[in-house]
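Peer 1: Take this sequence and fold it.
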Amino acid sequence: MRERRKTMLYFLMICMFFMCTTPLYASDITFSGGYTKVSMQEGNKSVSLSGGALVSANGLSISAQEIKLYGTDYRYVDCTGKVVAVDSERGITLQCPGLFYDRQTGEIVSDGWIEVQDETNDATLSGARFEYDTNSTLIKVQMMARVVKNTDDGPMICRADSIEFDNSNQTVKLKGNANISWNGNVYKAAVITVDLSDYGITMEGSISGEVNG
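Peer 2: So this is what the prediction gives:
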């Protein structure tokens with residue numbers, strides 16, 4: 001009974017912590033974890049979660065081994081260890097070892113290897129450096145960047161030094177050593193833009209390719 005009272009008291013303290021600070025996004029963030037640590041120090045308030053950490057904020061659901069919420073109005077969400085982030089509204093799922101999410105700007109960044117599944121466009125992205133603007137739905141991948149788009153004619157495999165993937169407008173822009181392999185054809189250029197709605201390909205600078213006759 002004593003342990004149960006201590007647990008209830010701890011839970012109420014956490015609730016009061018959030019209520020007293022009146023964060024701007026209070027109605028738009030929930031969290032849970034097997035272990036929770038709350039810092040109420042003025043100027044350094046934070047919530048640290050581990051052991052099955054889960055956070056839901058601004059339409060984004062994130063699970064990780066460890067998650068820390070901090071900053072004014074708990075603006076920053078820092079995640080490490082087997083991170084899975086789901087933007088269900090746009091059909092985007094991210095998997096990576098760590099990511100940083102700014103709830104105010106809507107920007108997500110990751111410096112580790114990341115795998116992205118886009119259910120809306122039936123495509124996957126991967127790379128070693130990642131940026132995602134959840135407001136504009138623009139995804140940027142760098143370093144061994146790749147996009148694989150499934151089509152009726154087989155997978156369209158796009159590679160480049162950096163890739164900009166516009167989820168809303170269904171466009172892919174490849175920059176630096178850009179190349180596409182698709183339906184037995186190969187396209188190479190400094191910059192290649194692909195319209196995923198009709199598979200139109202536009203190439204710029206040092207163009208070359210191999211096309212089935």
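Peer 1: Dihedrals phi and psi, the residue sitting nearest the centre point of the chain?
Peer 2: Nearest to the mean C-alpha position of the chain, counting by Cα atoms, centre = their mean, stands residue 94 at 4.9 Å. Per-residue torsions, residue 94: phi -110, psi 140 (degrees, to the nearest 10).
Peer 1: residue contacts, it?
Peer 2: By Cβ atoms under 8 Å, 6 or more residues apart in numbering, residue 94 lies in contact with 83, 84, 85, 86, 108, 110, 114, 115, 116, 130, 132. C-betas here are computed from N, CA, C, even on glycine.
Peer 1: Just the buried residues from those residues, in ChimeraX please.
Peer 2: If you want just the buried ones from those in ChimeraX, going by 16 or more other Cβ atoms under 10 Å, the selection is:
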select :83,85,86,108,110,114,116,130,132
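Peer 1: Restricted to strands, list the contacts of residue 94.
Peer 2: Taking DSSP state E, the ones among the contacts of residue 94 that sit in strands are 83, 84, 85, 86, 108, 110, 114, 115, 116, 130, 132.
Peer 1: want to try JSON lines for these, with pLDDT as columns?
Peer 2: Below are those laid out as JSON lines (pLDDT from 0 to 100):
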{"residue": "83", "pLDDT": "97"}
{"residue": "84", "pLDDT": "98"}
{"residue": "85", "pLDDT": "97"}
{"residue": "86", "pLDDT": "97"}
{"residue": "108", "pLDDT": "97"}
{"residue": "110", "pLDDT": "96"}
{"residue": "114", "pLDDT": "96"}
{"residue": "115", "pLDDT": "97"}
{"residue": "116", "pLDDT": "96"}
{"residue": "130", "pLDDT": "95"}
{"residue": "132", "pLDDT": "96"}
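Peer 1: ok, so of those, who is nearest residue 68?
Peer 2: Nearest to residue 68 among these: residue 83, at 12.5 Å, using Cβ to Cβ.
Peer 1: Map the structural domains onto the sequence of this structure.
Peer 2: What automatic domain parsing lists as the domains of the chain is 1-106, 111-213.
Peer 1: State the next helix or strand along the chain beyond the lowest-mean-pLDDT helix or strand in the chain.
Peer 2: In the chain, no helix or strand scores lower on mean pLDDT, DSSP states H and E than helix 2-21, which sits at a mean of 42. Downstream of helix 2-21, the first helix or strand assigned by DSSP states H and E is strand 29-32.
Peer 1: Tell me the neighbouring strands of that next one, and mark each as parallel or antiparallel.
Peer 2: strand 46-57 (antiparallel) (DSSP bridges).
Peer 1: can you pull the contacts of the closest residue to residue 36 other than its chain neighbours?
Peer 2: Nearest residue to residue 36 in three dimensions, chain neighbours excluded: residue 49, at 5.6 Å (Cβ to Cβ, 6 or more residues apart in numbering). Shown in contact with residue 49 (Cβ under 8 Å, 6+ apart): 31, 32, 33, 35, 36, 55, 66, 67, 68, 69.
Peer 1: any chance of the residues you listed in a markdown table, with pLDDT and neighbour count too?
Peer 2: Formatted as a markdown table, these follow (pLDDT from 0 to 100; neighbours: other Cβ atoms under 10 Å):
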| residue | pLDDT | neighbour count |
| --- | --- | --- |
| 31 | 89 | 19 |
| 32 | 92 | 14 |
| 33 | 92 | 20 |
| 35 | 92 | 11 |
| 36 | 89 | 16 |
| 55 | 96 | 25 |
| 66 | 97 | 18 |
| 67 | 97 | 24 |
| 68 | 96 | 21 |
| 69 | 95 | 24 |
